[in-house]
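S.K.: Provided below are the primary sequence and the corresponding predicted coordinates.
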Amino acid sequence: MSDPLQKVMEERCRQDEKWGVQNHGDMVWATILGEGQVVRYYRHPKMDGQHSCEKCGNIMHLHGWIETLEGGHIVCPGDWIITGVEGERYPCKPGIFEQTYEPVSDRSAQSGNS
Ligand SMILES: [Zn+2]
């Protein structure tokens, strides 16, 4: 059975396990449950969402937040999210990404093992 309320409660429990018990109001929960599993919305209790980012100049309201092996990290608009060999994820600036990686046209070209 796919009872939507059951799914919401399951996801709230999953979020509590992942981030610690959270006592959000319904509107905040609605926002959290609508966002991605990898990158969450950037939010900080002491920073106005209209504050400009030191790195990209966009307002913080347009940013994301990702958990990496080295702790939480801000994700600027346009950043790539890389998944490492052990499933770890981290953001990468577009300029660095373009210098480091090149596109492949055939999926089999991505891996050397066949
Ligand atoms: Zn930024």
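M.R.: Thanks, I have it.
S.K.: didn't residue 69 look like it was pressed against residue 88?
M.R.: Yes: assessed by C-beta atoms under 8 Å, residue 69 is found in contact with residue 88 at 5.1 Å. Backbone N, C-alpha and C define where each C-beta goes, glycine included.
S.K.: which residues in this structure form helices?
M.R.: 4-19, 26-33, 94-100 (DSSP state H).
S.K.: name the helices or strands packed onto the shortest one?
M.R.: Using 3 or more C-beta pairs under 8 Å, 6 or more residues apart in numbering; DSSP states H and E, the elements in contact with helix 94-100 are strand 80-83.
S.K.: mind listing what the strand it packs on pairs with, with the direction of each?
M.R.: strand 89-92 (antiparallel) (DSSP bridges).
S.K.: Where do the domain boundaries of this structure fall?
M.R.: Structural domains annotated on the chain: 1-34, 37-107, as defined by automatic domain parsing.
S.K.: May I see the buried residues of the first one?
M.R.: Of the residues in domain 1-34, those buried by neighbour count under the rule 16 or more other C-beta atoms under 10 Å are 15, 29, 32.
S.K.: Tell me which residues touch the most centrally placed residue in the chain, please.
M.R.: Geometric centre of the chain, nearest residue: residue 39, 0.9 Å, by C-alpha atoms, centre = their mean. Taking C-beta atoms under 8 Å, 6 or more residues apart in numbering as the criterion, residue 39 is in contact with 64-66, 75, 81.
S.K.: residues near residue 93, how many?
M.R.: Residues near residue 93, counting by other C-beta atoms under 10 Å, number 14.
S.K.: what's in contact with the worst-scoring helix or strand of the chain on mean pLDDT?
M.R.: The weakest-scoring helix or strand in the chain, judged by mean pLDDT, DSSP states H and E, is helix 26-33 (a mean of 73). For helix 26-33, contacts defined as C-beta under 8 Å, 6+ apart pick out 8, 11-12, 15, 24, 40-41.
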